[in-house]
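In: Dropping a prediction and its sequence here:
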Amino acid sequence: MSLSSTSTVPGRGSTRVATAVAVAVAVLVPLAVLLVQVWSSTSGTRSFTADERRGVAYLEPLTRLLSATTEAQSAAVRGRPVDTPAVRAAITAVDQVDGRLGRRLQTTDRWTDVRELLQQRLTVRSWTPPTAYTQYSDVNTKLLELTRTVGDNSRLVLDPAIDAYYVMNASLLRIPEILVDSGRYTDLSVLFPNGGNESTRAQLAAARNRIAADETDLSDGLLKAFAQTDSSTLGPGLTRPLDDFRTAVDAVAPSASLLAPAPERSVPDLIANQDALQQTTLSLQDASLEQLDDLLADRAGGQTRTRFIAAAAAVAGILVAVALARMAWLWAPVRPRRRVVDPDDEPVTRRSANGARVPVHAERSGGARAAR
């Protein structure tokens, strides 16, 4: 005989599994979405910060070279030998940093051109003072352009934090300009001790006022950075170099109106003041770049900590999901299984003498029912 065609519902095991899976999915899916968002956002900021730190690393030897070429210009203008070994050592330092970072910062082509131009200048044994001024001034202009390229391609100029932005403003935009302008101002004063013609006096006034304006912008920016930073080293690390720098700037180019006459001073005094300004400017640059890199390193550390916390939260979430799924599996309600009735299992009856139906005892033999 055949079985009856009745449907069944899922059993106890399948109900528990479905409940446990549903609980795990409900916990893990939102957690996965949040983890992906955190990882994605920190990937962008980590890349941004890494580029900025590459820019800081490039600026240190580049500023040293700019100072060396400024001094070479001044020496040539005064008819003195250029310190060629010092300039070549500075070139080598930029070569090394460009070899490491030039591809990422897209500076190699520009640096190669500047390097070749500077090497040509060093091969000339003597210049007439005006020619020396023009030739080295051209090199310094190209080095300033390279500095801006570093700032643009490292994205330092886009830094979003107030403290780091103003330290960047000092080290990337103001200090290189002051190095070049102060050198030009002093060298023009040497070339034209009596002020020269009207064009020369205009150049002197413009250079002097650029130095004063850049110093004011630099100082105001750093004071804002000191007021807005969470760093415990930024103010203490830059206050003394900044004070020395401001004193040196005032000796070379005190703040004055563009129309004001040049300060009266002897050329030897001006040269001595320029040398002091060069040294204090480099000291401020070294301190600024160190502090800027520290700020960026702290930011990178925070981004790493954010990722670590997100990963730890994901691990904890997985453990919680496993625990909840297990609890759901243990406590899931059990729906009874419908019994599939075999017609062969229905009792066989017969009528008794008084008309009542009574069961007939039966037994299986070889798979068939036999009534006794």
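Out: Nice, I can see it. Residues are numbered from 1 along each chain as shown.

In: From here on, just use CA atoms for contacts and neighbour counts.
Out: OK.

In: how many neighbours does residue 57 have?
Out: Counted by other Cα atoms under 10 Å, the residues lying close to residue 57 total 17.

In: Tell me who's in contact with it.
Out: Going by Cα atoms under 8 Å, 6 or more residues apart in numbering, residue 57 touches residue 97.

In: repeat that for 10 Å
Out: With Cα atoms under 10 Å, 6 or more residues apart in numbering as the criterion, the residues that contact residue 57 are 51, 97-98, 101, 289-290, 293.

In: likewise residue 181?
Out: Residues in contact with residue 181 (Cα under 10 Å, 6+ apart) are 70, 137, 140, 175, 187, 204, 206-211, 214.

In: how far away is residue 124 from residue 134?
Out: In this view, residue 124 and residue 134 are 14 Å apart by Cα to Cα, to the nearest Å.

In: more crowded one of these two?
Out: When neighbours are counted by other Cα under 10 Å, residue 134 comes out ahead of the other of residue 124 and residue 134, with 14 against 10.

In: can you put the contacts of residue 181 in a markdown table and add neighbour count, pLDDT and secondary structure?
Out: Compiled in a markdown table, the contacts of residue 181 are given as follows (neighbours: other Cα atoms under 10 Å; pLDDT from 0 to 100; DSSP: H, G, I helix; E, B strand; the rest coil):
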| residue | neighbour count | pLDDT | secondary structure |
| --- | --- | --- | --- |
| 70 | 26 | 96 | helix |
| 137 | 20 | 94 | helix |
| 140 | 26 | 96 | helix |
| 175 | 22 | 97 | helix |
| 187 | 27 | 93 | helix |
| 204 | 26 | 86 | helix |
| 206 | 16 | 87 | helix |
| 207 | 23 | 89 | helix |
| 208 | 27 | 89 | helix |
| 209 | 21 | 89 | helix |
| 210 | 20 | 92 | helix |
| 211 | 27 | 93 | helix |
| 214 | 18 | 94 | helix |
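
In: Pick the one among those closest to residue 281.
Out: Compare each of the contacts of residue 181 with residue 281 using Cα to Cα and the shortest gap goes to residue 175, at 6.8 Å.

In: right, and the closest one touches residue 289 too?
Out: No - using Cα atoms under 10 Å, residue 175 is not in contact with residue 289; the gap is 11.1 Å.

In: all helices for the stretch 101-250 of the chain, in order.
Out: Secondary structure of the stretch 101-250 of the chain (DSSP state H, counting those that start in this stretch): helices at 108-123, 129-153, 162-168, 175-191, 198-228, 234-252.

In: circling back to that earlier point, for the contacts of residue 57, could you give me JSON lines that also reports secondary structure, neighbour count and pLDDT?
Out: JSON lines is the format used below for the contacts of residue 57 (DSSP: H, G, I helix; E, B strand; the rest coil; neighbours: other Cα atoms under 10 Å; pLDDT from 0 to 100):
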{"residue": "51", "secondary structure": "helix", "neighbour count": "21", "pLDDT": "93"}
{"residue": "97", "secondary structure": "helix", "neighbour count": "17", "pLDDT": "97"}
{"residue": "98", "secondary structure": "helix", "neighbour count": "22", "pLDDT": "97"}
{"residue": "101", "secondary structure": "helix", "neighbour count": "18", "pLDDT": "97"}
{"residue": "289", "secondary structure": "helix", "neighbour count": "22", "pLDDT": "97"}
{"residue": "290", "secondary structure": "helix", "neighbour count": "17", "pLDDT": "96"}
{"residue": "293", "secondary structure": "helix", "neighbour count": "22", "pLDDT": "96"}
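
In: Having no further points to raise, I will conclude here.
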